[in-house]
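1. Here you go, sequence then predicted model.
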Amino acid sequence: QKEVRTEAAKALGQLGPKAASAVPHLVKLLQTKDCGNNDVVVEALGKIGPKAVSAISPIFRSIQYGCDYHYNSIRNINLKSLQVIEPNLSRLLSHLRPSFPPKPFHTDIVADLMGKIGPKDTRALPSIQEVLKTKDGSLKVAAAKALGRMGANAASAIPFLLKALNKEKNHYYHEKILAE
């Protein structure tokens with residue numbers, strides 16, 4: 001049955017946006033106990049594109065709890081698919097905010113997304129401010145880098161950055177945040 005689900009997901013992915021009506025069914029596949037085909041399902045949702053925007057939170061949850069997320073290539077498929085579904089990084093981060101603080105398996109995705117935020121993308125500031133409240137030092141460093149790229153456009157986030165810096169107990173991350 002797993003093979004049938006995998007092949008069905010591949011076929012739907014090949015249809016691209018024309019398979020938009022299948023998004024709820026693909027999301028259900030992400031929620032099954034047999035998560036061995038999540039990478040294929042997420043890739044299919046990515047090929048459907050922006051019409052699969054309702055799948056962003058379930059994709060993120062599947063990354064959070066998925067059994068196959070440990071492999072770097074699967075992480076890259078998830079990241080690429082998320083960005084195809086929602087190309088606006090600010091909106092994508094806002095979709096993910098209810099999942100903050102991020103769990104260890106998907107901190108890399110949040111950090112990667114913040115790494116792509118441009119200098120004028122101030123709509124991402126609320127999400128970055130939420131990330132600065134987390135206990136994860138690597139995420140705080142990624143947030144500091146994003147704020148650094150924004151320059152003066154990120155002035156409203158300075159209090160959040162200073163608070164994060166003051167709360168950071170790990171000297172390595174403290175220095176990395178300062179360096180950004």
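-> Yep, that arrived. Numbering: from 1, shown residues only.
2. Secondary structure element holding Pro58?
-> Assigned by DSSP states H and E, Pro58 belongs to helix 56-65.
3. starting at the chain centroid, how far to that helix?
-> 9 Å (Cα atoms, centre = their mean, to the nearest Å).
4. by contact count, what packs against that helix?
-> helix 23-30, helix 38-48, helix 72-85, helix 89-96 (3 or more Cβ pairs under 8 Å, 6 or more residues apart in numbering; DSSP states H and E). Every C-beta, even on glycine, is put in place using the N, C-alpha and C of the backbone.
5. Columns mean neighbour count on top of these, output as TSV?
-> Shown next, in TSV, are the helices and strands packed on helix 56-65 (neighbours: other Cβ atoms under 10 Å):
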stretch	mean neighbour count
helix 23-30	18
helix 38-48	25
helix 72-85	18
helix 89-96	20
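6. Phe60 is nearest to which of these?
-> Nearest of those to Phe60, taken as Cβ to Cβ: helix 89-96 at 5.6 Å.
7. which helices and strands sit right next to the closest one?
-> So helix 89-96, by 3+ Cβ pairs under 8 Å, 6+ apart, packs with helix 56-65, helix 72-85, helix 107-114, helix 125-132.
8. Out of the ones you listed, flag the one nearest Ala20.
-> helix 72-85 (11.2 Å).
9. List the residues that contact Lys140.
-> 131-132, 134, 164, 168, 173, 177 (Cβ atoms under 8 Å, 6 or more residues apart in numbering).
10. in the chain, which ranges drop under the pLDDT threshold?
-> 33-36, 63-76, 96-109, 115, 180 (pLDDT under 70).
11. Just the buried ones from the contacts of Lys140?
-> Among the contacts of Lys140, those scoring as buried are 131-132, 134, 164, 168, 173, 177 (criterion: 16 or more other Cβ atoms under 10 Å).
12. got these as JSON lines, with distance to Val53 and secondary structure columns?
-> Output for the buried ones among the contacts of Lys140, formatted as JSON lines (distance: Cβ to Cβ, whole Å; DSSP: H, G, I helix; E, B strand; the rest coil):
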{"residue": "Val131", "distance to Val53": "21", "secondary structure": "helix"}
{"residue": "Leu132", "distance to Val53": "26", "secondary structure": "helix"}
{"residue": "Thr134", "distance to Val53": "25", "secondary structure": "coil"}
{"residue": "Ala164", "distance to Val53": "30", "secondary structure": "helix"}
{"residue": "Glu168", "distance to Val53": "34", "secondary structure": "coil"}
{"residue": "Tyr173", "distance to Val53": "33", "secondary structure": "helix"}
{"residue": "Ile177", "distance to Val53": "32", "secondary structure": "helix"}
